[in-house]
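1. Would you be able to build a 3D model of this:
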Amino acid sequence: MNRRIVFLEELNRLRHDILTMATKVEEDLGKALTALRNDDTELAKEVKADDAVINALQLKIEDEAAIVIATQQPVARDLRELVAIFKLTNNLERAGDHAVHLAKAAIKLSDTPSFASASMEHLERMAETGQEMIRNAISAFLSQDAEGARKAAILDNKIDEEHKILVEVALGLMKENPGLLKKAVRLLNTSSNLERLGDHITNICEAVIYMVEGKHEELNE
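-> Presented below is the predicted three-dimensional model:
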């Protein structure tokens with residue numbers, strides 16, 4: 001079989017595996033969000049268990065990409081895509097970690113009604129935006145769309161704004177009700193994790209731009 005055809009088949013398998021990994025991360029983020037809304041301990045445990053699946057996918061993809069680089073000796077645009085794949089898997093794995101953090105926090109945050117009403121909607125919007133960013137970033141990767149990657153990264157601004165609001169909410173809770181100190185700290189940590197999730201997806205967008213245009217562009221302001 002023609003060596004180029006073999007290479008393209010291997011590259012397509014890697015792209016499919018990236019889509020599988022990204023879909024799993026997005027699904028876990030959705031599960032964590034549902035656990036947050038419904039105080040669902042069992043669903044939160046599912047997210048934690050799924051983390052091993054995501055980690056295994058990362059190792060599988062990176063091993064396969066390394067073999068392709070070693071055996072096919074790609075250059076130019078092809079090599080940039082393989083380099084970008086390593087960046088995608090690393091940042092998707094980290095995004096999966098933040099989904100686990102949200103699942104763990106969901107149970108501890110949702111058992112105080114007054115606390116929940118002051119914060120849950122902001123956390124939900126951050127998680128939902130994170131899901132949208134993952135979908136759009138991976139779509140940009142698969143379609144080799146640098147402009148689509150830039151548009152996906154802009155959504156991180158929405159997460160940052162919600163994070164700023166939540167910081168103020170948490171500080172207000174600490175001041176007004178010292179008994180909610182532990183809850184407020186948990187809220188801050190959860191919000192910070194979701195804020196970092198947005199940063200990791202932005203890193204994916206930067207990798208897509210590098211893959212398509214061959215230049216490094218800083219999208220995190």
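
2. Counting neighbours, what do you get for residue 166?
-> 25 (other Cβ atoms under 10 Å). Heads up, the C-betas are built off the backbone N, CA and C, glycines and all.

3. Surely it is in contact with residue 189?
-> No: taking contacts as Cβ atoms under 8 Å, residue 166 lies outside contact range of residue 189: 10.7 Å.

4. pLDDT score assigned to residue 50?
-> Looking at residue 50, its pLDDT reads 92.

5. do you know how far it is from residue 36?
-> 16 Å (Cβ to Cβ, to the nearest Å).

6. out of these two, which sits in the busier spot?
-> Shown here are residue 50 and residue 36; by other Cβ under 10 Å, residue 36 has more neighbours (24 against 20).

7. which element is the more buried one on?
-> Residue 36 belongs to helix 3-38 when assigned by DSSP states H and E.

8. Quick check: buried residues in that helix?
-> 7, 10-11, 14-15, 17-18, 21-22, 24-37 (16 or more other Cβ atoms under 10 Å).

9. ok, now stretch 175-182?
-> residue 180.

10. Let me see the mean pLDDT of it.
-> 78.

11. Just the endpoints, please. Distance across it?
-> 12 Å (Cα to Cα, to the nearest Å).

12. Next SSE downstream of the helix or strand of the chain with the lowest mean pLDDT?
-> None of the helices or strands of the chain scores lower by mean pLDDT, DSSP states H and E than helix 113-143, at a mean of 87. Counting by DSSP H and E, the element after helix 113-143 in chain order, helix or strand, is helix 146-154.
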